Every structure is written in structure tokens, then in C-alpha cells.
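**Student:** Got a predicted model here, sequence first, then my questions.
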Amino acid sequence: MADIKYEIKENIGIVSESPKGWTKELNIIRWNGRDPKFDLRDWAPEHEKMGKGITLSAEELKKLRDILNGMEL
């Protein structure tokens, strides 16, 4: 598997935390030296491991916000 490089530029917030200490976080992350993107995924307590997640551009995040704002919960 290829070596994945990442740099967490900003932690925006924690969405949830598991009993084992993993947190689902929204961050701005630079992946493999590319432009930073919004990223939602699970992280181990010291960010030494990560789960699968999604990355979104600012435009994609705005569209998702609009979709969520239009939902009745």
C-alpha cells in the first residue's frame, strides 16, 4: 500500500466519540501535498490511525450543508 501523507491544518469539530476513544472529526486536511480539503472520518486518540472517511471541497461542503438544511429531522 502506498504511503499516505497528511497534515491536519485545522480541527473544526468532533461529531462523536466511541467508548474506545476514537472520534469522528471534521478537519481541514492536506493530503499528499495537495490543496487542503474538508475531511470527515474516524480517528484514533492520538491521530496515529484513521478510519475510512470522505473529503469535500468547499463547494461540495456548501452543497451538503444546503441539503442538510432542507431536511426535516
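**Tutor:** Cool, got the structure.
**Student:** Give me the mean pLDDT for the longest strand seen in the chain.
**Tutor:** Longest strand in the chain by number of residues, with DSSP state E as the criterion: strand 6-17. Averaging the model's pLDDT scores along strand 6-17 yields 97.
**Student:** who's in contact with that strand?
**Tutor:** With contact meaning Cβ atoms under 8 Å, 6 or more residues apart in numbering, strand 6-17 is reached by 23-32, 36, 38, 40, 47. The way it works is simple: take the backbone N, C-alpha and C, and place the C-beta from them, glycine included.
**Student:** May I have the strands that pair with the very next helix or strand once past it, each with its orientation?
**Tutor:** Later in the chain than strand 6-17, the nearest helix or strand by DSSP states H and E is strand 23-31. In the sheet, strand 23-31 lines up against strand 6-17 (antiparallel), strand 37-43 (antiparallel) (DSSP bridges).
**Student:** Now whichever helix or strand comes after the shortest one: buried residues?
**Tutor:** In this case it means strand 37-43. Counting by DSSP H and E, the next helix or strand C-terminal to strand 37-43 is strand 50-56. Of the residues in strand 50-56, 50, 55 count as buried by neighbour count, 16 or more other Cβ atoms under 10 Å.
**Student:** What pairs with strand 50-56, parallel or antiparallel?
**Tutor:** Strand 50-56 is paired, per DSSP bridges, with strand 37-43 (antiparallel).
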